[in-house]
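Trainee: Okay, here's the prediction I keep looking at, along with the sequence it came from:
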Amino acid sequence: MQNTNKSYKDIYFNLQNENVIVRNIKIPNIKKRKDIFGMIENEITQYIPIDIKNYVVKYNVLNSNDEDLDLQVILFPKIIIDTCMLVCKQLKLRAKALNINLNILQKIINLDIIKEFGQEAIFIEEKRNDFILNIAKNRTIQESYILQKNFQSYEFAKGLLNQNKDIFYYGERLELFNEILSDKYETKILSLKENIKVQSHIDEVYEENINYINSIGMII
């Protein structure tokens, strides 16, 4: 930032790693929001040994009927939020958003700008040390998995890939692509229907392939 002539006021954060917990649960359909959070806490802590008070809890309703709610629950560690706020304070910037990858991908799906995407697909984001699998059904991210790059994760991923017709890939083409994608599955590089214009401090950059979906998704 010191090497640019621009003055920045806002900062966006994006993070989805093994510390961010994403789980799908089913609970009775109740109307009061505070009761929903109580049931989420009971359901989550039955299976995961955590102190839920150390997390900010968000949820999305995936499906509902008169009896049940299918929820996607996201638990974000408060210590990470505190760290982000400390960064803002030190840099004298205003925090605009704190995103996780699946939220950004859902935003792009909602904007209907992904080429060749219909209703259902699996999206693979490869990072240097791990990878994220997001499964979309009815144009909604229903499942999200953060997986380490090892044999067990690859076998788990293959089981999911075999159940999905459309597979979209973005990120860095490293061992995951070479190991299980390039020769075994028909994989599409995630691309937009039209170029997205991104303003950088050097020049205007046009991106068609979303190799860095998180950066682009936070600003469109």
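Mentor: On my side now, so go ahead.

Trainee: just the helices in the protein please.
Mentor: Taking DSSP state H to define them, one finds helices in the chain at 33-47, 78-91, 101-110, 151-161, 175-176, 213-217.

Trainee: Compare those and give me the one nearest residue 139.
Mentor: Evaluated over these, closeness to residue 139 peaks at helix 101-110, with 5.6 Å, by Cβ to Cβ. Every C-beta, even on glycine, is put in place using the N, C-alpha and C of the backbone.

Trainee: So which elements touch that closest one?
Mentor: strand 121-126, strand 130-137, strand 140-148, helix 213-217 (3 or more Cβ pairs under 8 Å, 6 or more residues apart in numbering; DSSP states H and E).

Trainee: can you do 6 Å?
Mentor: strand 130-137, strand 140-148, helix 213-217 (3 or more Cβ pairs under 6 Å, 6 or more residues apart in numbering; DSSP states H and E).

Trainee: quick revisit: weakest of the helices of the chain by average pLDDT?
Mentor: Lowest mean pLDDT of those: helix 213-217, a mean of 60.

Trainee: lowest-confidence helix or strand of the chain?
Mentor: strand 204-209 (a mean of 45; mean pLDDT, DSSP states H and E).

Trainee: circling back: out of the helices and strands packed on helix 101-110, nearest to residue 28?
Mentor: Proximity to residue 28 (Cβ to Cβ) singles out strand 140-148 among the helices and strands packed on helix 101-110, at 20.1 Å.

Trainee: Partner strands of the closest one, with direction?
Mentor: Paired with strand 140-148 in the same sheet, following DSSP bridges, are strand 130-137 (antiparallel).

Trainee: Please identify the buried residues of the strand it pairs with?
Mentor: Buried positions in strand 130-137, judged by neighbour count with 16 or more other Cβ atoms under 10 Å: 130-136.

Trainee: how about these in CSV, adding distance to residue 14?
Mentor: Output for the buried residues of strand 130-137, formatted as CSV (distance: Cβ to Cβ, whole Å):
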residue, distance to residue 14
130, 15
131, 16
132, 12
133, 17
134, 14
135, 20
136, 19
